[in-house]
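In: Here you go, sequence then predicted model.
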Amino acid sequence: MTRDLTLDDLVLAGIALAAGLVLAFLSRTVLRWLAKHAKRTRWTGDDVIVDALRSVVPWASIASGAAAATVALPLTKTVQRDVHLALEVWLILVVTLSAARVIGGLVHTVTQSRSGVAGSATIFVNITRVLVLAIGFLVMLQTLGISIAPLLTALGVGGLAVALALQDTLANLFAGVHILASKTVQPGDYIRLSSGEEGYVVDINWRQTTVRQLSNNLVVIPNGQLAKTNMTNFTRPEQQLTVLVQVGVGYDSDLDRVERVTAEVVTEVMTEITGAVPEHEPAIRFHTFGDSRIGFTVILGVGEFSDQFRIKHEFVKRLHRRYREEGISIPAPTRTVSLQQGAIVIPHQRGSEDLAPGAALAD
């Protein structure tokens, strides 16, 4: 100490600490009130910012009160410097953790609000948080007087060894970044791989892509494998798609009437069934003279991939009922077999039991 400690010094230090605590309490109360109002807005970014400020501002107030208390006390310069340094490191740690939470939350909010961007891809959020934490750690070391240049050099050499040891992991990481950056696959898309797996993309993280099948099972696919395989994306370039339904009517049917009745059923399904596209124009195309029927294709519009099953289901039921009401036949394949009586002998076979059904023995 530079001089003897007096009662006035203790009172001033206590007042400084109390002021810091009161300021922390008031700021937390105000920020809690702001958080309630932020939840009423449509943008979720303000929720993330206010939530982070609720962690930073109170601790900053307490640290300010503690710093003011050290100034009021007759401490030596060395002790004051050490206390201020400890408070700075503490504030850097709090700010770094809060900044990582804020920036990660904002990245998640921005990507969710934009189509064509990875709304649920945790790989971007995790990379952002790691970068912020790494920068905060380096700033903390610099504040403590530790030179970060040798550390960066050591990290560079060590990073090369780690990269060689984690080739598969890094390959999956960069494959995931490439997939998201190229916008070929995004969370929420319905994909089908050449190996047979298909479903909705739930998440793309630093190592793997999670796909939820229609049966509600999860399929985990390494990003490197996903980047190499042939894949069909049923959500891009647009979510709406068309499905084909094959139908056939008898040769005695009036095709103009069949087309008109079918178009009416298509319009009815498109306007009444959830998941259909009301503005879809009925499309019927005759294409085949079959063995027992004239075949044609009905093109239906659906909002997204999984809607097609419900749309097809309703269309087939309603079309079958309407055809029965209109007297339009849907013939089943038939085949007539005629047996000609005569002398037929199967070569290289002997005996009546080896003869073809309905055949007679030659004289």
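Out: That came in fine, so what should we check first?

In: Give the buried residues for stretch 242-256.
Out: Residues 243, 245, 247-249, 253 are the ones in stretch 242-256 that count as buried (16 or more other Cβ atoms under 10 Å). Every C-beta, even on glycine, is put in place using the N, C-alpha and C of the backbone.

In: Switch those residues over to CSV; also include secondary structure.
Out: Putting these into CSV (DSSP: H, G, I helix; E, B strand; the rest coil) gives the following:
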residue, secondary structure
Val243, strand
Val245, strand
Val247, strand
Gly248, strand
Val249, strand
Ser253, coil
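
In: which SSE is Val261 in?
Out: helix 255-272 (DSSP states H and E).

In: What lies in contact with that helix?
Out: Residues outside helix 255-272 that contact it (Cβ atoms under 8 Å, 6 or more residues apart in numbering) are 247, 249, 276-278, 280, 282-284, 286, 294, 296, 298, 300-301, 311, 314-315, 318-319, 322-323, 326, 328.

In: out of these, which are buried?
Out: Using 16+ other Cβ under 10 Å, the buried members of these are 247, 249, 276-277, 280, 282, 284, 294, 296, 298, 300-301, 311, 314-315, 318-319, 323, 328.

In: Keep only those of those that are in strands.
Out: 247, 249, 284, 294, 296, 298, 300-301 (DSSP state E).

In: Report the two of those separated the most.
Out: Largest separation among those by Cβ to Cβ: Ile294 and Gly301, giving 24.0 Å.

In: quick one: buried residues of stretch 207-227?
Out: Under the neighbour-count criterion of 16+ other Cβ under 10 Å, stretch 207-227 has 207-211, 221-224, 226-227 buried.

In: before we move on, what about stretch 14-25?
Out: 16-17, 20, 23-24.

In: which residues touch that stretch?
Out: 57-59, 61-66, 68-69, 71-72.

In: Give me the buried subset of these.
Out: 57-59, 61-66, 68-69, 72.

In: quick check, nearest of the residues you listed to Pro237?
Out: After measuring the buried ones among the contacts of stretch 14-25 against Pro237 - Cβ to Cβ - the closest member comes out as Val57, at 45.9 Å.

In: for the helix or strand encompassing Gln225, packing partners?
Out: Of the helices and strands defined by DSSP H and E, Gln225 is found in helix 223-228. For helix 223-228, the elements it packs on are helix 167-182, strand 208-212, judged by 3 or more Cβ pairs under 8 Å, 6 or more residues apart in numbering; DSSP states H and E.

In: Okay, domains of this structure per the record?
Out: Domain segmentation of the chain under automatic domain parsing yields 7-165, 169-233, 241-326.

In: middle-most residue in this protein, spatially?
Out: Central residue of the chain (Cα atoms, centre = their mean): Pro187, 2.0 Å from the mean position.

In: Can you give me the pLDDT of the nearest residue to Gly295 once chain neighbours are set aside?
Out: The spatially closest residue to Gly295, leaving aside those adjacent along the chain, is Thr288, at 3.7 Å (Cβ to Cβ, 6 or more residues apart in numbering). Looking at Thr288, its pLDDT is 92.
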